[in-house]
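Novice: here is my input; please provide its structure:
(4 chains)
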There are 2 protein chains.
Amino acid sequence: MKTRDRILQASLALFNEEGERNVTTNHIAAHLGISPGNLYYHFRNKADIIYTIFLQYRALVNQYLVVPRDRPLTIKDKMFYLESVFDGLWHYRFFHRDLEYLLTTDERLRRDYRDFTFQCLAEIRAVLQGLQEGGILRSHSDGEQEAMALNAWLVVTNWMAFLKTAHAAEGDGDISREQLRQGIYQVLTLEMPYVTERYHDEVMDLRERYRPELPEGAVMATAF
Amino acid sequence: MKTRDRILQASLALFNEEGERNVTTNHIAAHLGISPGNLYYHFRNKADIIYTIFLQYRALVNQYLVVPRDRPLTIKDKMFYLESVFDGLWHYRFFHRDLEYLLTTDERLRRDYRDFTFQCLAEIRAVLQGLQEGGILRSHSDGEQEAMALNAWLVVTNWMAFLKTAHAAEGDGDISREQLRQGIYQVLTLEMPYVTERYHDEVMDLRERYRPELPEGAVMATAF
DNA sequence: TGACTATTAGAGTATATACTCTAATAATGG
DNA sequence: CCATTATTAGAGTATATACTCTAATAGTCA
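Specialist: All right, here's what the predicted structure looks like:
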């Protein structure tokens, strides 16, 4: 593999494991057994690496999150989108967690991430629309749809961060791919009340497969 | 005011404005016109300052988010909680945004924030329960309630972060208190489908008052 | 007043971090 | 084979950051 790609790969792996803030360019170089000079030959700076990873992430999402506007959607479609989204989220999980600082420092990323967000929101709305046309969701107004899409976005992009805090106790909280997938349960929860009678049971059953297991502490806290 | 309190106040203000990562202890000291030595006389380190601010934040939330278990709740109750929560969120807005790194470095904060999260979730559930008993929300199972509370938590705690990205274009995106309050619209969106017929219109009207104005870019993105 | 403690200033330090520069080594193409 | 370009090593640097240490000053209370 080309050095440039190895840098991207190693950076992503380290960011995911340690968090972007805890990973320096020197770490990345050391991890690969190359010199800092070499790293800086391939990338202007750390923000450049991060931006490039963002482009990969965006490309991945754009690959599957293209919702056909000319036909109704099925439950199978919906589940494919959900699985894909959470899969992408898993591979680039550092991204939404460390976003705050990244956006304050890189103008380019700020602009592009903003657009990316709105593109995703538009696709989420298209999914809702398609499901509605497929008779799976009850119809709702434009305003309703927009608000629902936004809530879905918030739940999806921040599920990882929540898991990290909720499981903070157990050995610094390493989250598994499986746990992340359980965010699907939360997203389906958002939409359950809009599912038509006809499909209600089917969606409920599907959703049940993803039910999260919250850590024990969750109970304890009730006594406060 | 005591120096210790001035340090806390200045730190909070700077964190909110610049983001925790961009504010050093030296900055804080300089901002107050005191020496670093003085600052470190009052606090062991930066994490100590942050932890103390967290305690203030938690105390504030605990002050109002105490839901009576012995009587049904009214819509007025609900709105009070929402307003209070978003108000607290505003004053300590740096907190949820910069959380990621804070939790990786401070064991104590990690534990306490985790508990705090579950306490809040329990109170949110109590609100849902109280509204149900007040005939405002339709009844739902325990599992339903838990999932709904969690979604509400996700929306509430990450609304600020979303605003920051969505408004990234306009002058680095300074968010107003008013815009933050519009998160109430999103939270009410979550619960709308569960509102009983009797209260439907009233809640809809209330909710309308908080409707967010998304930036123009939101539209543009549809063509992608 | 005088002893003691609390507070503060301010210079200073160890470490880390992002990044640069030069020179050497490979690869490539004519 | 030579000339040119691409890649890499590795030492090095400017700056920042969190934090320390000593000595001075202010407050307190017997």
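Novice: and residue A:66, which helix or strand is it part of?
Specialist: Using DSSP states H and E, residue A:66 sits in no helix or strand.
Novice: which helix or strand contains residue A:122?
Specialist: helix A:107-133.
Novice: quick one: the helices in chain A?
Specialist: All helices of chain A, identified by DSSP state H, fall at A:3-18, A:25-32, A:36-42, A:46-64, A:75-91, A:93-97, A:99-105, A:107-133, A:142-166, A:177-181, A:183-191, A:197-208, A:217-220.
Novice: closest to residue B:164 out of the ones you listed?
Specialist: helix A:99-105 (7.0 Å; Cβ to Cβ). (C-beta placed from N, C-alpha, C; glycine too.)
Novice: list the buried ones in the closest one?
Specialist: Buried residues in helix A:99-105, counted by 16 or more other Cβ atoms under 10 Å in any protein chain shown: A:99-104.
Novice: one more: stretch A:133-152?
Specialist: A:134, A:136-137, A:140, A:145-152.
Novice: and stretch A:177-196, by the same measure?
Specialist: Result for stretch A:177-196 [16+ other Cβ under 10 Å]: buried residues A:179-195.
Novice: next: stretch A:121-136.
Specialist: A:121-132, A:134, A:136.
Novice: tell me the one of these nearest residue B:55?
Specialist: Nearest member of those to residue B:55, counting by Cβ to Cβ, is residue A:121, at 36.4 Å.
Novice: look up the pLDDT of the closest one for me, please.
Specialist: Here the pLDDT value assigned to residue A:121 is 98.
Novice: and which of the buried residues of stretch A:133-152 is nearest DNA strand D?
Specialist: Taking Cβ to the nearest atom of the strand as the measure, DNA strand D lies nearest residue A:150 of the buried residues of stretch A:133-152, at 33.9 Å.
Novice: domain-wise, how is chain A divided?
Specialist: Following automatic domain parsing, one gets these domains for chain A: A:1-43, A:50-213.
Novice: so residue A:157 sits against residue B:154, correct?
Specialist: No: shown here, residue A:157 and residue B:154 do not form a contact pair, counting by Cβ atoms under 8 Å, at 9.3 Å.
Novice: for chain A, which residues are neighbours of DNA strand C?
Specialist: Residues of chain A found near DNA strand C (Cβ under 7 Å from any atom of the strand) are A:22, A:24-27, A:35-37, A:40, A:44-47.
Novice: most surrounded residue in these?
Specialist: The most crowded member of those, judged by other Cβ atoms under 10 Å in any protein chain shown, is residue A:46 (19 neighbours).
Novice: pLDDT score for that residue?
Specialist: 97.
Novice: for it, which residues are in contact?
Specialist: The neighbours of residue A:46, taking Cβ atoms under 8 Å, 6 or more residues apart in numbering or on different chains as the test, are A:24-25.
Novice: so residue A:139 touches residue A:131, yeah?
Specialist: No: judged on Cβ under 8 Å, residue A:139 makes no contact with residue A:131 at a distance of 10.3 Å.
Novice: coming back round to it: which among the buried residues of stretch A:177-196 are in contact with chain B?
Specialist: The subset of these within reach of chain B, by Cβ under 8 Å from any Cβ of the partner chain, is A:185-186, A:189-190, A:193-194.
Novice: ok, so of those residues, who is nearest DNA strand C?
Specialist: For those, the nearest to DNA strand C is residue A:186 (33.2 Å; Cβ to the nearest atom of the strand).
Novice: name the nearest residue to the closest one, ignoring sequence neighbours.
Specialist: Nearest non-adjacent residue to residue A:186, counting by Cβ to Cβ, 6 or more residues apart in numbering or on different chains: residue A:155, 5.2 Å away.
Novice: which single residue of chain A ends up nearest DNA strand D?
Specialist: Closest point on chain A to DNA strand D, by Cβ to the nearest atom of the strand, is residue A:37, at 1.8 Å.
Novice: which parts of chain A sit against DNA strand D?
Specialist: Counting by Cβ under 7 Å from any atom of the strand, the residues of chain A close to DNA strand D are A:3, A:33-38, A:40-42.
Novice: quick revisit: between the buried residues of helix A:99-105, which is closest to residue A:213?
Specialist: Nearest to residue A:213, judged by Cβ to Cβ, of the buried residues of helix A:99-105 is residue A:99 at 26.9 Å.
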